[in-house]
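Trainee: Build me a structure from this.
(one chain, ligands or ions: 1)
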Amino acid sequence: MTGKIELQNLTKAYGKKIALQGIAATLEPGKIYGLLGRNGAGKTTLLHLINAHLFPTSGKVLIDGEEPFENSQVLRKLCFIRESGNFKKNLKVRDIIGLAALTYPGWDPHFAGELVHQFELDENKKVKALSKGMESALGVIVGLASRAPVTIFDEPYIGMDVVHRQQFYDLLLEDYTRHPRTIILSTHLIDEVSKVFEGILILDQGEVLLHEETEALRERAFYFSGERETVDELTQGLQIICSEAFGSTKQVAVFGDVPDEITRKARHAAVKIDSVPIQKLMIYLTTRQERGEQEHA
Ligand SMILES: Nc1ncnc2c1ncn2[C@@H]1O[C@H](COP(=O)(O)OP(=O)(O)OP(=O)(O)O)[C@@H](O)[C@H]1O
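Mentor: Take a look at the predicted model:
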């Protein structure tokens, strides 16, 4: 399968500002990745580098073993849908769809038609006459119907209401199941969409903070909740990423392997162990220096 992305020691500086530093990761073909991180973490910069819209300061991007820059063989495998500004404002929806059909070798006109109908877009409207949400829907339609081996969405749903966003996630999963391809979705709405991610890449201040399979991640981050002293005892020596006390009870989030012995002891001591949602995990991992133990009345 095509669509493998290798990021080799990738660095990007804008003048003195280092936006990305030594990024090394391989995104396997045919998987859906969530690209996460706080504002300014470097997500958009990374996506521009993958799409050859920017040139790395050092390091390399390889797509199926080749660099994308001025490489039409590689560029025709890519579809990049940004947060905004994807389309010329004076063109009609119908024109955009027509152009996309000529641009993407894997374009499915029937699917595109279905999507236009599902997102209730008027094909005769010009882009400038669309609402923000409708323009985003047009981006989503082009991204999905492109069936590009590497399809990238950078916060594609600005202005889309919750119903259309849910529609997008459902359609993405359904179509991906029938036509697997590499999909990267950069988003801040992690809770909404995390169940579609097979892999997670978290950037923090221009570096890779975490790159892991979602399933493996769910088995590496846990909440221990229960009586304060027992929770403290059980989590001693584990990697604590957040700790909140509520009177005599406490909730501690730990990251990393939890020995079976501890799990057994927790069960006997009525300490609950639950997995930490991905959104919470990202918050804990990217704000560790800023938080101490929180005490609630
Ligand atoms: N053209 C540019 N010139 C100078 N600095 C830039 C430029 N583009 C981005 N940066 C800086 O590079 C860093 C990474 O920005 P980037 O847009 O990649 O982050 P992001 O993770 O996509 O953020 P957000 O979630 O807010 O969209 C930020 O500090 C940003 O200010």
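
Trainee: Now for the residue nearest to Gly139 when sequence neighbours are not counted: which residues touch it?
Mentor: With sequence-adjacent residues excluded and distances taken as Cβ to Cβ, 6 or more residues apart in numbering, Gly139 is closest to Ile81, at 4.4 Å. Quick note: C-beta positions are derived from backbone N, CA and C, even for glycine. The contact partners of Ile81, by Cβ atoms under 8 Å, 6 or more residues apart in numbering, come to 139-140, 142-143, 151-154, 156.

Trainee: closest to Arg264 among these?
Mentor: For the contacts of Ile81, the residue nearest Arg264 by Cβ to Cβ is Phe153; the value is 42.8 Å.

Trainee: On the pLDDT front, check the closest one for me.
Mentor: Here, the pLDDT recorded for Phe153 equals 98.

Trainee: Please shift the residue numbers so they start at 27 in all later answers.
Mentor: New numbering, starting at 27: the last item is Phe179.

Trainee: and it, what element?
Mentor: Of the helices and strands defined by DSSP states H and E, Phe179 is found in strand 176-180.

Trainee: what about dumping the CA coordinates of the next helix or strand after that strand to CSV?
Mentor: For strand 176-180, the following helix or strand on the C-terminal side (DSSP H and E) is helix 188-204. Output of helix 188-204 as CSV, limited to C-alpha atoms (Å, rounded to 0.1, in the frame of the first residue of the first chain):
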residue,chain,number,x,y,z
VAL,A,188,-21.9,19.6,15.5
VAL,A,189,-24.3,17.6,13.2
HIS,A,190,-22.1,18.2,10.1
ARG,A,191,-18.9,17.5,12.1
GLN,A,192,-20.4,14.1,13.3
GLN,A,193,-21.4,13.4,9.7
PHE,A,194,-17.8,14.1,8.6
TYR,A,195,-16.3,11.7,11.2
ASP,A,196,-18.9,9.0,10.2
LEU,A,197,-18.2,9.4,6.5
LEU,A,198,-14.5,9.5,7.0
LEU,A,199,-14.5,6.2,8.9
GLU,A,200,-17.0,4.5,6.5
ASP,A,201,-15.1,5.6,3.4
TYR,A,202,-11.7,4.8,4.9
THR,A,203,-12.9,1.3,5.7
ARG,A,204,-13.8,0.7,2.1
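
Trainee: Helix 188-204 relative to strand 176-180, how many degrees between them?
Mentor: 160 degrees (axes from the mean of the first three to the mean of the last three Cα atoms, to 10 degrees).

Trainee: Sort out which residues of helix 188-204 are buried, please.
Mentor: By neighbour count with 16 or more other Cβ atoms under 10 Å, helix 188-204 contains the buried residues 190-191, 193-195, 197-198, 201-202.

Trainee: Same list (these) but as JSON lines, adding pLDDT.
Mentor: Formatted as JSON lines, those follow (pLDDT from 0 to 100):
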{"residue": "His190", "pLDDT": "94"}
{"residue": "Arg191", "pLDDT": "95"}
{"residue": "Gln193", "pLDDT": "95"}
{"residue": "Phe194", "pLDDT": "96"}
{"residue": "Tyr195", "pLDDT": "95"}
{"residue": "Leu197", "pLDDT": "96"}
{"residue": "Leu198", "pLDDT": "96"}
{"residue": "Asp201", "pLDDT": "97"}
{"residue": "Tyr202", "pLDDT": "97"}
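
Trainee: which bits of the stretch 27-176 of the chain sit near the ligand?
Mentor: Applying Cβ under 6 Å from any ligand atom, we find that the stretch 27-176 of the chain lies next to the ligand at 40, 43, 45, 63, 65-71.
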